[in-house]
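[1] for reference, the sequence and a predicted model appear below.
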Amino acid sequence: MKGKFSIKKDFLYKLNQDGIASYDLNSWEDFINILDNNKAFDFNAFLWRGQRKSSWVLDSTLDRLITSNNSYYRYDLVEKHFTGFKYAIRGRRGSFPKELTDDEYWALGQHYGLATPLLDWTTSPYIATFFALHEIPFLNLSDEDMLKESFSIYAINKNKIKDKLAENNLDDSNKIEFISPLMDDNPRLINQNGSFIKIPPNTNIEAIIKNLFKGEEREFALFKFNIPYKRNRKNNIENILLSLNRMNINSSILFSDLFGASLLCNMRLTIPRYTIPH
């Protein structure tokens with residue numbers, strides 16, 4: 001269920017359906033007002049994710065690539081894909097690397113472009129915002145496209161979902177798993193305050209939450225905040241990225257490698273006021 005945002009109307013108790021509340025905000029400033037409202041969120045309970053288009057669902061890259069509905073065929077493809085990745089990274093993790101769990105292998109691959117059953121989340125709403133936006137300046141969108149599009153920031157209450165999962169005896173196709181790997185050889189994970197949600201095949205997080213919280217109007221498991229790319233000729237994207245850069249939230253910090261440094265310099269070409277260290 002969607003609605004126009006007004007913090008004066010106690011938004012936490014409005015527009016909730018089956019555990020999910022969605023809000024169309026007017027601007028980035030609306031979102032900051034929510035974050036600054038200390039009664040809005042228990043930040044210890046929430047993880048955050050940004051997505052470049054509000055129309056996208058919360059599904060995994062692996063599920064987008066494997067389109068077969070045959071469960072056995074999907075399982076076989078995933079197993080071959082996972083085994084192939086473990087062989088492909090031999091000798092590429094430094095000297096005497098420690099053995100990883102399956103989830104840690106998936107997490108490592110997730111940060112280097114592998115299609116996985118994981119979705120990236122972070123403990124920081126500002127980092128989530130950066131990942132929703134950092135590709136947009138390079139897409140050469142027209143003014144018309146910019147006026148039509150919006151991005152989304154999600155906040156998921158991991159505690160409420162874990163409690164709900166514990167109350168219900170569900171099969172694996174209706175469960176999601178929260179993963180926080182203890183890894184030393186994935187600096188991106190550390191710099192991004194990263195965490196993961198593992199999704200069963202052929203589904204998405206919204207569908208699972210709606211099933212878990214069906215009929216609930218006072219249990220808030222997932223918030224979705226939609227923010228326009230551009231409003232009244234004002235380019236929200238550039239201004240937000242400039243604000244995040246002043247907070248030291250940029251590709252150089254979040255990727256901390258040559259890729260991040262290159263992206264930082266490219267950003268300066270598209271946003272002239274974007275600062276880089278000298």
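    Structure's in. What do you need? Residues are numbered from 1 along each chain as shown.
[2] which parts of the stretch 151-278 of the chain are strands?
    177-179, 194-198, 222-228, 230-231, 234-235 (DSSP state E, counting those that start in this stretch).
[3] give the rounded mean pLDDT of the longest one.
    Rounded to a whole number, the mean pLDDT of strand 222-228 is 93.
[4] what's across from Lys230 in the sheet?
    Counting by DSSP bridges, Lys230 forms beta bridges with Asn235.
[5] burial check on it, number of neighbours?
    19 (other Cβ atoms under 10 Å). From N, CA and C alone the C-beta is placed, and that goes for glycine too.
[6] do Tyr229 as well
    Other residues lying near Tyr229 total 22 when counted by other Cβ under 10 Å.
[7] tell me, what residue is most central in this structure?
    Geometric centre of the chain, nearest residue: Arg49, 2.7 Å, by Cα atoms, centre = their mean.
[8] OK, contacts around that residue?
    The contact partners of Arg49, taken as Cβ atoms under 8 Å, 6 or more residues apart in numbering, are Leu58, Leu119, Asp120, Trp121, Thr122, Ala128, Phe131, Ile153, Tyr154, Ile156.
[9] now a PyMOL select for only the buried ones of these.
    One line in PyMOL is enough to select the buried members of these, burial here meaning 16 or more other Cβ atoms under 10 Å:
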select buried, resi 58+119+120+121+122+128+131+153+154+156
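[10] of the contacts of Arg49, closest to Leu100?
    Asp120 (17.7 Å; Cβ to Cβ).
[11] quick one: contacts for Phe213?
    Counting by Cβ under 8 Å, 6+ apart, Phe213 touches Asp18, Gly19, Ile20, Lys164, Glu219, Ala221.
[12] just name the closest of those residues to Glu177, please.
    Ranked by distance to Glu177 (Cβ to Cβ), those are led by Lys164 at 13.5 Å.
[13] ok, now which ones touch Lys214?
    Going by Cβ under 8 Å, 6+ apart, Lys214 touches Asp18.
[14] let me fix that, I meant to ask about Ile153.
    Counting by Cβ under 8 Å, 6+ apart, Ile153 touches Phe31, Trp48, Arg49, Gly50, Pro125, Ala128, Thr129, Ala132, Lys224, Phe225, Ile227.
[15] measure the residue nearest to the fifth one when sequence neighbours are not counted to Asn193 for me?
    Pointing back at Pro125 there. Spatial nearest neighbour of Pro125, chain neighbours left out: Trp48 (4.5 Å); criterion: Cβ to Cβ, 6 or more residues apart in numbering. Relative to Asn193, Trp48 is positioned 9 Å away (Cβ to Cβ, to the nearest Å).
[16] since that was my last question, I'll sign off now.
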